[in-house]
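> Task: produce atomic coordinates for the following.
(one chain, ligands or ions: 1)
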Amino acid sequence: MKSARFFVSCVLLLTFTHMAVGQSASEGNAEPPAASRSLFGYTNRTAAPERDLEKKFQDAVIAANIQENMRRLSARPHNVGSPYDKDNAEWMLARFKEWGFDAKIETFDVLFPTPKERIVELVAPTKFRAKLQEPPLAVDPTSNQTAEQLPTYNAYSIDGDVTAPLVYVNYGNREDYEELDRMGISVKGAIVISRYGSGWRGIKPKVAAEHGAVGCIIYSDPRGDGFFHGDDYPTGGWRPREGVQRGSVMDTDYPGDPLTPGIGAVPGAKRLDIKEAKTITKIPVLPISYADAQPLLAALQGEIAPEAWRGGLPITYHIGPGPARVHLKVASNWDTKPLYDVIATLQGSDPDQWIIRGNHHDAWVNGAEDPISGMSPELEEARVLGEMHKQGWTPKRTLIYCAWDGEEPGLLGSVEWVETHVADLKKHAIVYINSDSSARGYLFTGGTQDLQSVVGAVAHGIIDPEKHISVWERAHLRAIMRAKNPEERGGLRKRNDLLITELGDGSDYTSFQDFAGISSLDLGFGGEDEGTQYHSIYDDYYWYTHFADNNFAYERALAQTMGTLVLRIAGADLLPFDYTAQAESIAKYESDLEKLLKDKQEEITERNQEIQEGALTATSDPHKTFVPPLIEPVPPFMNFAPMKNSIEDLKKAAERYSKALAKFRAAPEDSISSSSLETVNTDLMGIARLFLNDKGLPERPWFKNQIYAPGAYTGYGAKPVAAVREYMDQKKWKEADAQIPMVAQVIDNISAGINKAADDLESAVGAKH
Ligand SMILES: [Zn+2]
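The predicted structure is shown next:
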């Protein structure tokens with residue numbers, strides 16, 4: 001689901017410019033330079049064979065196989081419920097079996113609406129009917145598979161039939177509506193038209209409905225992903241005038257099947273009535289191309305849109321409301337469809353510890369980039385691991401390779417699987433490693449920072465196929481160049497790892513991290529492919545092989561990176577977790593909350609003063625409507641002390657564990673018994689579970705993780721410490737304040753877990769006195 005180009009550029013931006021205050025110069029927690037013989041998690045005796053194994057794996061990855069996987073899997077449309085979706089699942093099942101995995105398909109029955117009727121028409125002042133159709137292109141051989149293509153729509157839009165004046169709302173997020181308020185423009189009873197971008201699409205109809213709109217249209221402006229950036233398809237790779245972004249608009253209360261929150265959608269599961277499902281939108285919504293949007297936007301009058309709201313079309317952007325009146329009709333077939341999750345296991349010599357690797361296989365249409373550019377390398381990893389197994393190698397820990405169905409509509413396949421198996425997962429899962437869309441460019445790294453060291457260490461050993469330096473070095477140097485100030489640059493130059501950005505809910509890691517408390521990673525390459533056809537019929541093999549990773553060199557690098565990570569964690573004597581970076585990140589999340597409060601206090605104090613001085617009315621253009629904001633109470637001080645105290649203890653625990661790690665690295669081989677390390681490994685596996693609180697977030701109880709969570713109003717974007725943060729965003733200061741001791745308790749639990757691991761590691765290396 002994750003928006004390839006925007007997601008990638010957004011992630012890179014976050015990763016490389018978002019330098020934590022506390023993360024500026026910590027040394028000693030990252031893996032030593034590649035030149036060092038030590039390998040994090042291995043003894044000197046086991047490090048050399050592990051390096052040989054990884055080298056063997058990397059050399060065996062063949063780009064042409066990945067290309068062939070993509071050609072096969074993206075050959076026809078394969079959305080949930082389509083014949084080719086099932087066909088792909090069965091084909092992958094056969095491959096996993098052939099490669100020696102114990103593989104099966106797990107099926108779930110979920111609510112998946114598909115379009116029955118779609119109308120967008122301008123009824124006044126002139127008439128225009130939107131085509132709502134992406135035309136086949138002669139050069140693109142799969143673009144004419146019209147009979148199998150899902151029409152352009154937003155899944156989980158409620159059915160509706162409305163006619164109303166149109167209002168342009170920019171990206172349609174909450175700040176945009178505040179600006180509309182200043183202009184005296186209401187969307188009550190109106191249909192809003194919003195452009196794609198700046199946050200997840202599902203937020204647009206949600207916020208529109210909260211402001212009284214009766215319908216929502218979302219279009220792809222050429223400034224977002226069209227000709228503004230480069231030649232459009234098929235001359236170049238950017239979205240053409242009739243290209244449309246499909247996508248889910250499921251609300252953010254919980255992901256997965258709307259009818260079975262918190263439990264697997266298996267036969268006999270207790271299902272909600274469709275009317276009870278909280279995640280279906282409140283108003284009808286449809287996506288359109290800019291070819292269809294332009295006549296609607298051109299028919300708007302009223303206020304001129306502020307400069308930042310204007311897109312790339314050759315029109316003057318007006319806001320309305322009207323005189324444009326629009327008729328919007330959406331009706332879906334509300335059917336139950338089967339999901340086919342392919343689950344392939346390579347049993348380890350210790351079957352009780354699981355490394356889980358996944359990518360989704362369903363697409364909106366052909367989905368060469370999203371998701372097949374992640375699925376194809378994953379299959380190649382499995383092939384090579386299977387070959388190695390046939391030659392006599394067995395992983396120390398069990399590997400579970402997954403191909404999820406139903407990710408696009410709402411992470412359905414992974415959520416239902418995790419909900420079904422949550423008890424076993426909590427007992428056995430060490431890590432979940434996800435990929436989704438990937439292309440050319442820089443390695444991006446999202447996840448939980450307990451894995452930051454090992455990811456950095458692996459990235460040191462993977463060669464960028466075009467620059468012939470390590471993928472770590474490329475990403476690292478780019479981060480330095482993009483740093484905001486000398487302090488950040490200085491901090492980055494001392495680092496040997498790559499900063500890991502917290503995850504929102506853009507892909508299948510969500511249920512692992514947020515529901516089951518499993519350390520998670522999401523990796524890929526991006527930033528240098530030429531365009532995007534995200535969720536369109538043109539995201540296909542022809543497009544990918546002309547404008548993304550044409551020779552599959554970065555696809556090969558992705559398989560090498562992911563497979564090496566899997567091997568490194570699966571074979572380690574001591575699981576390669578490290579908590580220093582994570583403690584720093586949590587400290588940063590806390591200081592961000594304090595800064596948010598301070599900024600809000602200052603902003604509201606200043607604005608109140610300007611209102612009292614008459615400054616806002618004095619400086620507004622008398623020819624334009626201006627509604628001054630009302631005096632607002634200044635947010636009270638909050639008591640962050642419990643969290644700050646807990647974080648100090650967390651830092652000490654993390655530091656103590658790092659010191660024990662250093663002793664482990666320096667210890668002579670035979671001084672450490674493997675059974676004593678297994679005790680530490682069991683401790684380590686449990687630490688990620690301590691991030692959970694069974695009650696979940698106060699307004700979204702499905703989300704159990706109290707540190708990492710997506711935002712209710714950001715979707716893809718993460719909102720760390722959401723229990724506190726979301727109340728602050730809603731200006732419910734007292735409620736936010738009341739959550740702080742609860743979060744502090746969770747942090748105390750994490751510290752206790754790390755201290756226990758440190759204690760056991762100190763015993764294991766004989767460093768106890
Ligand atoms: Zn995807």
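> for the stretch 101-250 of the chain, what spans make up the strands?
Counting by DSSP state E, counting those that start in this stretch, the stretch 101-250 of the chain has these strands, from start to end: 102-124, 128-129, 154-155, 160-168, 191-195, 215-219, 247-248.
> dump the residue contacts of R201.
N154, I218, Q245, G247, S248, V249, P287, G715 (Cβ atoms under 8 Å, 6 or more residues apart in numbering). From N, CA and C alone the C-beta is placed, and that goes for glycine too.
> and the closest residue to A308 other than its chain neighbours, how many neighbours does it have?
With sequence-adjacent residues excluded and distances taken as Cβ to Cβ, 6 or more residues apart in numbering, A308 is closest to N170, at 7.7 Å. Residues within reach of N170, counting by other Cβ atoms under 10 Å, total 24.
> May I have the phi/psi pair for N170?
Per-residue torsions, N170: phi 60, psi -130 (degrees, to the nearest 10).
> My read is that it contacts W309, right?
Yes. Counting by Cβ atoms under 8 Å, W309 is a contact partner of N170 at 4.2 Å.
> quick one: the residue nearest to H318 when sequence neighbours are not counted from V326, how far?
Leaving aside its sequence neighbours, H318 sits nearest to L300 (Cβ to Cβ, 6+ apart; 4.1 Å). L300 is 10 Å from V326, where distance means Cβ to Cβ, to the nearest Å.
> Now list whatever residues contact both of these two.
With Cβ under 8 Å, 6+ apart as the test, L300 and V326 both reach L166.
> can you map out the helices along the stretch 1-150 of the chain?
Assignment of helices within the stretch 1-150 of the chain using DSSP state H, counting those that start in this stretch yields the ranges 4-17, 44-60, 63-73, 83-98.
> of all those, which lies closest to the ion?
Of all these, helix 4-17 sits nearest to the ion, with 8.0 Å by Cβ to the ion.
> Please work out the average pLDDT along the closest one.
In this model, helix 4-17 carries a mean pLDDT of 35.
> just stretch 257-275 next, same as before
Rounded mean pLDDT across stretch 257-275 is 96.
> which of the residues in that stretch are buried?
For stretch 257-275, the buried set under the neighbour-count rule, 16 or more other Cβ atoms under 10 Å, comprises D257, P258, L259, T260, P261, G264, A265, A269, R271.
> I'd like the distance between the closest residue to H229 other than its chain neighbours and the ion.
For H229, ignoring the flanking residues on the chain, the nearest one in space by Cβ to Cβ, 6+ apart is W238 at 5.4 Å. Distance of W238 to the ion, given as Cβ to the ion, to the nearest Å: 19 Å.
> where do the helices sit along the stretch 601-750 of the chain?
615-619, 641-666, 674-687, 722-729, 733-764.
> Could you look up the SS state of the spatially most central residue of the chain?
Per Cα atoms, centre = their mean, the C-alpha nearest to the average position across the chain is that of G506, at 2.8 Å. Classification of G506 by DSSP: H, G, I helix; E, B strand; the rest coil places it in coil.
> got the strands of the stretch 101-250 of the chain as a markdown table, with distance to R72 columns?
Formatted as a markdown table, those follow (distance: least, Cβ to Cβ, whole Å):
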| stretch | distance to R72 |
| --- | --- |
| strand 102-124 | 17 |
| strand 128-129 | 38 |
| strand 154-155 | 26 |
| strand 160-168 | 39 |
| strand 191-195 | 35 |
| strand 215-219 | 32 |
| strand 247-248 | 25 |
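> Please render those as TSV that adds distance to the ion to the earlier fields.
Converted to TSV, the strands of the stretch 101-250 of the chain look like this (distance: least, Cβ to the ion, whole Å):
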stretch	distance to the ion
strand 102-124	16
strand 128-129	32
strand 154-155	14
strand 160-168	27
strand 191-195	21
strand 215-219	18
strand 247-248	10
